[in-house]
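K.L.:
sequence and predicted structure, then a few things I'm wondering about:
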Amino acid sequence: MQRTLISTYPIYASCVTPLFLRLLGARVGQSVEISTAETIPHLTSLKDGAFLADHSLVASHRSGFGWVHLGTSVIGERTFVGNSAIVGPDRDLPEDALVAVLSSAPHKAPVGSSWLGRRAQPIARAHTEADESATFRPPRRLQAARGFVEAFRMVPAMVSAWIDLMIVYALTSIYMAHGMGMQGLLYTALWSGAVLLAASTLACLVPVIVKWALMGRFRTGERPLFSSFVWRNELADVFSESLAVPSLIRLSVGSPLFNAWTRLMGARVERGVWCETWWLPEFDLVTLEEGVSVNRGTVLQTHLFHDRIMRLEPVTMRRGSTLGPNSFVLPGATIEENSTVGPGSLVMRQETVPANGNWGGNPIRHLEPGDHVINAQVIPGPPVAKHDHPILSVAPTKTSQTVSSATPEEATR
């Protein structure tokens, strides 16, 4: 499944994805939305109206202590599994449930419940009343319009093939122009770097042109799933992931070249920024001030899709702040100056992380000097006979310190 996210990326997060998973063996109901999810298809059942967001993990195996655990997973009707959320083996979700971003499903969840954190905790959630003809029950004309727009997802593959042909043509011309012998091979080798660099630059510039042509500048707001805004946004993303990322962007993260590309895409990236991720979904809504560090595997999430309504809000990192590896920042959040958010952490929606502090956890909490563990504190236990060192025991963490006025309810809207 992981390899299909590369080889067949254009079909993900489209009207074709449910059919693709059915062919692989999954049980998929009607009106199901599947983004770049990973699963064991024949162990997965998705009921009508279910939604799997980007990089969600369903029915994946679990291994440890010499055993491999495989089991089925059932996602109930109109249940939402958020970005990078996990529904493990033998875990079922009832109808109208929600597992938030970077969270895990509990063993048994009541109908209509919502869960947050790797150690899942129940949270409150507000439902959005929306026109079902633009969310769960679109008319045929909207389904046809979506299919028409998504048909253009094959264009990046065509552009990639054209660029490859241009490379072959250019290098063949150089070889033939210098005698088609050893001298021709030498000149071809000497020019190959420049030719490939020019082709890769073109592959990076095409998504820039497409983004501005299809979307213009992103602004805060709300859009239903069945709207041309959402379809065009996904189409522009396919151009970026299929052309720019495989050519130069994946190689250039954490470099001035990558920063220059993000500025062309609309992000505000100031001097001295170290950005090691290309997951900036709506570039215009991202602000990285001078000296910011964004580590590998992080996501500056500028939209949420709960209730099939796309909500866009800006994400801001102030001067000198740091976001640790594999962390998420949700829409509307701000990390203030010189603050550090540790690895694997979740900054909640519309949360403001105070300046000059260390924060971590899922969701984040303040870390005192010397704290190294996020979900639990490791403290020395009593001395034990015949042991030079005390046995370590695990105690619950201190109560989370409030960092903003954001509530769990706001984090899932």
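P.N.:
Alright, I've got the coordinates. These numbers come from a predicted model, not from an experiment. Numbers count the residues shown, from 1 in each chain.

K.L.:
what secondary structure does residue 223 sit in?
P.N.:
strand (DSSP: H, G, I helix; E, B strand; the rest coil).

K.L.:
does residue 104 have beta-bridge partners, and which?
P.N.:
Going by DSSP bridges, residue 104 is paired in beta bridges with residue 86.

K.L.:
and it, how many residues sit next to it?
P.N.:
Neighbourhood size, residue 104 [other CB atoms under 10 Å]: 19. Every residue, glycine included, has its C-beta placed from N, CA and C.

K.L.:
contacts only, for it.
P.N.:
By CB atoms under 8 Å, 6 or more residues apart in numbering, residue 104 lies in contact with 85-88, 115, 117-120.

K.L.:
which strand or helix spans residue 144?
P.N.:
Assigned by DSSP states H and E, residue 144 belongs to helix 140-151.

K.L.:
after that helix comes which helix or strand?
P.N.:
helix 155-177.

K.L.:
elements contacting that following helix?
P.N.:
Applying 3 or more CB pairs under 8 Å, 6 or more residues apart in numbering; DSSP states H and E, one finds that helix 155-177 contacts helix 182-214, helix 228-239.

K.L.:
nearest to residue 253, of those helices?
P.N.:
helix 182-214 (12.7 Å; CB to CB).

K.L.:
show me the shaky parts of the protein.
P.N.:
Residue ranges of the chain with pLDDT under 70: 370-413.

K.L.:
domain assignment for it?
P.N.:
The chain breaks down by automatic domain parsing into domains covering 4-123, 129-251, 253-413.

K.L.:
show me where this protein has helices.
P.N.:
4-7, 17-24, 140-151, 155-177, 182-214, 228-239, 250-252, 256-265, 408-412 (DSSP state H).

K.L.:
would you format those as JSON lines with distance to residue 57 and mean neighbour count included?
P.N.:
Shown next, in JSON lines, are the helices of the chain (distance: least, CB to CB, whole Å; neighbours: other CB atoms under 10 Å):
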{"stretch": "helix 4-7", "distance to residue 57": "12", "mean neighbour count": "12"}
{"stretch": "helix 17-24", "distance to residue 57": "14", "mean neighbour count": "16"}
{"stretch": "helix 140-151", "distance to residue 57": "24", "mean neighbour count": "14"}
{"stretch": "helix 155-177", "distance to residue 57": "26", "mean neighbour count": "14"}
{"stretch": "helix 182-214", "distance to residue 57": "27", "mean neighbour count": "16"}
{"stretch": "helix 228-239", "distance to residue 57": "20", "mean neighbour count": "20"}
{"stretch": "helix 250-252", "distance to residue 57": "22", "mean neighbour count": "14"}
{"stretch": "helix 256-265", "distance to residue 57": "27", "mean neighbour count": "18"}
{"stretch": "helix 408-412", "distance to residue 57": "19", "mean neighbour count": "20"}
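
K.L.:
and of these, who's closest to residue 333?
P.N.:
Checking the helices of the chain against residue 333 by CB to CB gives helix 408-412 as the closest, at 9.7 Å.

K.L.:
and residue 94, how many neighbours?
P.N.:
Applying other CB under 10 Å, we find 17 residues neighbouring residue 94.
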